[in-house]
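J.: Take this sequence and fold it.
(one chain, ligands or ions: 1)
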Amino acid sequence: MYNNNLSFLNLDFLKIKILLKRNIYHFLNKSKFLFNNYFGKYKYTYGCDWFYKSEINQKAKFLLGHKNKKNFDILEIGSFEGLSTTYFIDNFLSKSDGQITIVDPFLLYPEKLIPGTLLNQVQIRNFFFNISKSSYPEKVQYLGLTSDEFFEVNNKKYNFIYIDGMHTKKQMTKDLISSWDSLLIDGVVWMDDYLVDHGRLKKTLDKTIESLKGKHKVIHRGYQIAIKKLA
Ligand SMILES: C[S@@+](CC[C@H](N)C(=O)[O-])C[C@H]1O[C@@H](n2cnc3c(N)ncnc32)[C@H](O)[C@@H]1O
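T.: Prediction:
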């Protein structure tokens, strides 16, 4: 016991800081989970909100106008706790025979990845919990793959693709090009973080958009970008 205390004192300041941060983060997430679960403003449970204040949440219904389409297939790259996924299910799949395919290996950004931690387990549990509470859980196909792994084998085409996976310049460019090839005519690719880091990615993404095959129209340009395939 005495020795344990001594070794604890020997830990340097940085290690203590990391330990504290991790535990506080975990505690806050768990509390948020419980709070949202029982008293939440929203039907869904989450520890981290990337969705409710996003442009896609505010504008997609108006811009897509696909609410009552019969066949509407959605692909989502990067679902996290499923907030965007449940929004798509509830708002775009009610009259559709189509489904939503989710591609997410459930990794955080690699440098932040702490394998096997409870934090990850809570987030994954939130995802499955939220999907089960959505209007049509049976219309969900979850694939635990990276987008690269998925596009390597995919031959299906989609009406709508939301790209919100790995946010590096290289991966976003790759995801945009592959998504475009998997998009039907009249379909829309919507991408998060177009203006991330004061426009660090914008120039590269603009060049990629200009080089996309066929005719296209940018139907939304803000922090996020949405591009429609015309021909
Ligand atoms: C910003 S979160 C998605 C947020 C979610 N769309 C929302 O609005 O609530 C990014 C997600 O992308 C996933 N991800 C990271 N790298 C990926 C990759 N290469 N392919 C697919 N998904 C990836 C992560 O596991 C994480 O769940």
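J.: C-alpha only now, for contacts and for neighbours.
T.: Fine.
J.: List the residues that contact the nearest residue to Gly82 once chain neighbours are set aside.
T.: Nearest non-adjacent residue to Gly82, counting by C-alpha to C-alpha, 6 or more residues apart in numbering: Phe127, 4.9 Å away. For Phe127, the contact set (C-alpha atoms under 8 Å, 6 or more residues apart in numbering) comprises Ser79, Phe80, Glu81, Gly82.
J.: how would you label the second one: helix, strand or coil?
T.: On the three-state scheme (DSSP: H, G, I helix; E, B strand; the rest coil), Phe80 is labelled coil.
J.: And the contacts of Phe127, which is closest to the ligand?
T.: Phe80 (3.2 Å; C-alpha to the nearest ligand atom).
J.: and stretch 175-190, how far apart are its ends?
T.: 11 Å (C-alpha to C-alpha, to the nearest Å).
J.: about what we covered before: from Gln58, how far out is the residue nearest to Gly82?
T.: Per C-alpha to C-alpha, Phe127 is found 22 Å from Gln58.
J.: What of Phe151?
T.: Counting by C-alpha to C-alpha - Phe151 and Gln58 are separated by 29 Å.
J.: more crowded one of the two?
T.: The neighbour comparison of Phe151 against Gln58 (other C-alpha atoms under 10 Å) goes to Phe151, with 18 against 12.
J.: Nearest spatial neighbour of the more buried one, chain-adjacent residues omitted?
T.: Ser178 (6.6 Å).
J.: Mind telling me what element that neighbour is part of?
T.: helix 169-181 (DSSP states H and E).
J.: Contacts for that helix, please.
T.: 147-148, 151, 161, 163, 165-166, 189, 191, 201, 204-205, 208, 212.
J.: Just the buried subset of those residues, please.
T.: By neighbour count, with 16 or more other C-alpha atoms under 10 Å, these hold Ser147, Phe151, Ile161, Ile163, Gly165, Met166, Val189, Met191, Leu201, Leu205 as buried.
J.: Mind listing what's buried along stretch 219-231?
T.: Counting neighbours by 16+ other C-alpha under 10 Å, stretch 219-231 gives His220, Tyr223, Gln224, Ile225, Ala226, Ile227, Lys228, Lys229 as buried.
J.: closest to the ligand among those residues?
T.: Gln224 (11.7 Å).
J.: backbone phi and psi for that closest one, please?
T.: Backbone torsions of Gln224, given as degrees, to the nearest 10, read phi -110, psi 170.
J.: Let me know whether it touches Leu201 as I believe.
T.: No. Under the criterion of C-alpha atoms under 8 Å, Gln224 is not in contact with Leu201, lying 11.5 Å apart.
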